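Participant: I'll drop the sequence and a predicted model, then ask my questions.
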Amino acid sequence: MKLNEAISKRILNLCHKNNITVNKLAMRSGVYQSTVNNILLGFSNNPRILTIYRICQGFDITIDEFFKDELFSDIEDE
């Protein structure tokens, strides 16, 4: 799996787990909904670490917690 795919799946999984919509996540994190959508749809091949950090704040987790997931164990080179 590519890194951008793993990030997208992780965000969707966390939205589901926390029972929040992408719109609510965007509002909580201070990231434009279009930016989150671009990550989720794969239009953003290399999301900025600051964007990921803000998304983590929207979930009230650390970056470390975000990336400590099985999705990131077998990342392919881009």
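Facilitator: Nice, thanks for sending it over. Predicted model, so just to flag it, every value in this text is computed and none were measured.
Participant: low-confidence ranges in this protein?
Facilitator: 78 (pLDDT under 70).
Participant: could you pull out the helices for it?
Facilitator: Counting by DSSP state H, the chain has helices at residues 3-18, 22-29, 33-40, 49-59, 63-67.
Participant: quick one, what contacts the residue nearest the centre of the chain?
Facilitator: Residue closest to the average C-alpha location in the chain (Cα atoms, centre = their mean): Ile11, at 3.8 Å. By Cβ atoms under 8 Å, 6 or more residues apart in numbering, the contact set of Ile11 is 25, 36, 39-40, 55. Bear in mind the C-beta positions are built from the backbone N, C-alpha and C, glycine included.
Participant: For these, give me a markdown table that also has distance to Lys2.
Facilitator: Output for the contacts of Ile11, formatted as a markdown table (distance: Cβ to Cβ, whole Å):
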| residue | distance to Lys2 |
| --- | --- |
| Leu25 | 22 |
| Val36 | 18 |
| Ile39 | 13 |
| Leu40 | 14 |
| Ile55 | 18 |
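Participant: Can you tell me which of those has the most neighbours?
Facilitator: Ile55 (26 neighbours; other Cβ atoms under 10 Å).
Participant: how about that residue, what does it touch?
Facilitator: Ile55 neighbours (Cβ under 8 Å, 6+ apart): 11, 25, 29, 31, 36, 66.
Participant: Kindly recompute the last result at 10 Å.
Facilitator: Counting by Cβ atoms under 10 Å, 6 or more residues apart in numbering, Ile55 makes contact with 7, 10-11, 14, 25-26, 28-31, 35-36, 39, 47, 61, 63, 66.
Participant: Any idea how many residues pack against the residue nearest to Ala26 when sequence neighbours are not counted?
Facilitator: Once flanking residues are discounted, Ala26 sits nearest to Gln33: 4.0 Å by Cβ to Cβ, 6 or more residues apart in numbering. Neighbour count for Gln33, taken as other Cβ under 10 Å: 14.
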